[in-house]
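> sequence first, predicted model second:
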Amino acid sequence: MLAMRDIGSLFADYATYHRTPGNKWFHRFGIPLIMLSGLGMLARIPIVPYVDAAVVLIAIASVIYFILDWRLAVLMVIVSIAFYFAGGAVPFWINVALFVIGWILQFVGHSVYEKRQPAFLTNAMHLLVGPLWILNDVVHIVRLPAISYL
């Protein structure tokens, strides 16, 4: 189910799936790898002249991000453009390898540390929330709910 809510409630829900320091550590590396390599692979799929699948994804995600929080959206657009060009410059096979490694990190974090399924399995919106949550972890624009680490 694709449920759009305010950024605070999305972050609060996402945080309930990411309580342990180990899981958060794996996500801090895995999510950027997935984003970088995913955009790098999608950049190779032309849609119309000068527009590829990565540009379409960035545009759609950016609209959602601006609806949720314009401050994080501006930063995420900058990060997305940088990842788009960096991923596009990397050979395809490296993007595939990084993509697989990024997902392995996600599932290790959830299976070894969190002992809970990934958030996107219950709410597909979390596929877009994850990168925003990691970005916010770096810049601290949106106040996150207090989490007790188990």
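Sure, I can see it.
> which residue lies nearest the spatial centre of the protein?
Nearest to the mean C-alpha position of the chain, by C-alpha atoms, centre = their mean, lies P131 at 2.5 Å.
> quick one: contacts for that one?
Listed by C-beta atoms under 8 Å, 6 or more residues apart in numbering, the contact set of P131 reads 31-32, 35, 76, 79. (C-beta placed from N, C-alpha, C; glycine too.)
> which of those sits closest to E114?
I31 (14.3 Å; C-beta to C-beta).
> isn't that closest one up against I134?
Yes. The pair I31 / I134 is scored as a contact, 4.9 Å apart, by C-beta atoms under 8 Å.
> so in this structure, where's the weakest helix or strand by average pLDDT?
Between all helices and strands in the chain, the lowest mean by mean pLDDT, DSSP states H and E belongs to helix 7-15, at a mean of 87.
> that one: which residues count as buried?
7, 10-11, 13-15 (16 or more other C-beta atoms under 10 Å).
> ok, now stretch 119-126?
Result for stretch 119-126 [16+ other C-beta under 10 Å]: buried residues 119-120, 123, 125-126.
> and F85, how many residues sit next to it?
Using other C-beta atoms under 10 Å, F85 is surrounded by 13 other residues.
> so it, which state does it fall into?
Classification of F85 using DSSP: H, G, I helix; E, B strand; the rest coil returns helix.
> what lies in contact with the least confident helix or strand of the chain?
The contact list for helix 7-15 (C-beta under 8 Å, 6+ apart) reads 5, 68-69, 72, 119, 123, 125-126, 129-130, 132-133, 136, 142-145, 147.
> now, which of these lie within helices?
Taking DSSP state H as the definition of helices, the contacts of helix 7-15 contribute 68, 72, 126, 129-130, 132-133, 136.
> selecting buried members of the residues you listed in PyMOL, what would you type?
In PyMOL syntax, the buried subset of the ones in helices among the contacts of helix 7-15 is picked out as below (16+ other C-beta under 10 Å):
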select buried, resi 68+72+126+129+130+132+133+136
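> of the ones in helices among the contacts of helix 7-15, which pair is most distant in space?
Farthest pair in the ones in helices among the contacts of helix 7-15, by C-beta to C-beta: L72 and H126, 15.2 Å.
> ok, so of the ones in helices among the contacts of helix 7-15, who is nearest V108?
Distances from V108 to the ones in helices among the contacts of helix 7-15, taken by C-beta to C-beta, are shortest for G130, at 15.3 Å.
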